[in-house]
Structures are given as structure tokens and as C-alpha cells.
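Peer 1: Here is my input; please provide its structure:
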Amino acid sequence: MRTTSKKQEILFRAADLFAERGYEAVSMRDLAKVLCMTPANLYHHFSDKEGLYRETLLNVFARIENVLALPALGDSPKTYLGHLVDSIIAFLLRDTVFTRLLFRELSSNHRERAVFLVEKALRPIYDKIAEGLAKLLDGPSVTAMLDMLVSSIIGYVHMSQFFALLHRDESFVSDSHAITDRILAVLIIPNARPDAH
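Peer 2: Next up is the predicted model:
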């Protein structure tokens with residue numbers, strides 16, 4: 001039991017460090033120092049940095065599962081999609097470690113980790129949004145709209161600080177509703193969020 005809690009502590013601290021500095025800038029020695037343990041003790045739990053990083057990503061990216069498990073609750077397709085997009089954006093704004101790791105990996109040229117990221121983090125988000133879009137659109141336009149919607153979600157969250165400065169509107173930094181309304185109004189259908197007016 002103690003080993004499991006130590007392993008969880010390692011993963012938690014590793015996530016913070018990797019999100020802050022990036023994969024290349026973190027060594028096993030750095031992590032051992034942050035954890036107040038010897039590198040040998042750290043290697044007892046994880047045989048190498050790549051294995052530790054992958055398990056860290058799995059641990060962090062699993063956090064979005066609760067957001068994606070939202071039931072439809074009999075909502076109209078527009079309202080359901082609006083609620084889902086708003087929930088994803090709120091999660092990305094709230095869980096900065098998840099978001100920073102996601103952005104770092106999206107910027108990486110590491111092919112194996114890109115495949116890993118798609119299957120473990122992006123595919124569930126993509127599939128859940130596709131489910132909502134399929135109720136609104138028909139045919140090949142679903143895939144194009146899906147790509148645009150996912151890109152817009154990630155782009156808006158990534159750029160929110162700059163948009164807030166450009167537009168002199170702080171809601172772009174912290175208000176998932178403002179971001180959701182803007183994305184859905186341009187890409188899909190206005191008033192898709194349940195409480196939009």
C-alpha cells in the first residue's frame with residue numbers, strides 16, 4: 001500500500017515538473033531531488049524517464065474522463081453539444097497541469113508520444129464531440145466541423161490570455177461560457193449552451 005502511495009506521489013510531482021519545464025528539461029535526478037529521495041530509490045519505482053513520463057501522462061490525461069462521462073440528460077443536440085464543449089473548456093482552464101502537458105505534447109515532434117497522446121487523451125474527447133455533432137450534422141461535414149471545433153477549443157484555451165489582452169476582456173482567461181459562446185456562435189449554432197441568452 002505504501003509503495004502505491006509513493007508511486008502516486010511521484011506521478012503527481014512529476015506531472016508538475018514536466019508541465020512546468022517540459023520533458024527534455026527534467027532529469028530523473030531533478031525529480032528525485034524534488035521528492036527528497038535518491039535517484040536509486042526513484043529508479044526502484046520507475047526503470048527509466050520515458051516510462052515515468054508515459055505513466056505520468058496516463059495519470060494526468062485520465063482526469064478528463066469525468067468530464068466526458070456527462071450524460072445527455074434528454075437535452076436537445078444543440079444544448080448537449082454546448083454543455084459538453086463548455087465542460088471541456090472549463091476543465092482545460094481549471095486543470096493547468098493537464099493543459100500545459102497537452103500543449104507541450106502538441107508542440108512536440110516526438111512521433112511515438114504523439115500517437116500515445118492521440119489514443120490516450122485526444123481520441124476520447126474527439127469521439128465524444130463527434131457524438132454530439134453527429135446529432136446536428138450529416139455526412140462528411142461532421143468530420144470537417146469536428147476538426148475545426150476541437151482546434152478551436154484548444155486554440156482558444158491556449159490563446160485566451162492573449163485574447164483577453166487584445167480585446168481588453170478578462171473573461172477570455174477564466175470564463176468558459178464566454179469562450180464556448182464565441183466558438184459555437186462562429187462554428188456551429190448560437191445559443192447552444194443551456195444558459196446562453
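
Peer 1: residues in contact with the residue nearest the centre of the chain?
Peer 2: Residue closest to the mean C-alpha point of the chain, counted by Cα atoms, centre = their mean, is Thr99 at 4.8 Å. For Thr99, the contact set (Cβ atoms under 8 Å, 6 or more residues apart in numbering) comprises 92-93, 157. In this view, the C-beta of every residue, glycine as well, is placed from N, C-alpha and C.

Peer 1: got the CA positions of the helix or strand hosting it in CSV?
Peer 2: Assigned by DSSP states H and E, Thr99 belongs to helix 96-107. What follows is helix 96-107 as a C-alpha-only set of coordinates in CSV (Å, rounded to 0.1, in the frame of the first residue of the first chain):
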residue,chain,number,x,y,z
THR,A,96,-3.5,23.7,-15.7
VAL,A,97,-1.2,20.7,-15.4
PHE,A,98,-3.3,18.7,-17.8
THR,A,99,-3.5,21.7,-20.2
ARG,A,100,0.2,22.5,-20.1
LEU,A,101,1.2,18.9,-20.7
LEU,A,102,-1.3,18.7,-23.6
PHE,A,103,0.1,21.9,-25.1
ARG,A,104,3.7,20.7,-24.7
GLU,A,105,2.9,17.4,-26.4
LEU,A,106,1.0,19.1,-29.2
SER,A,107,4.1,21.1,-29.9
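
Peer 1: Identify each buried residue in the helix or strand that it is followed by, please.
Peer 2: The helix or strand immediately downstream of helix 96-107 is helix 111-117, counting by DSSP H and E. The neighbour-count check on helix 111-117 (16 or more other Cβ atoms under 10 Å) flags 113, 116-117 as buried.
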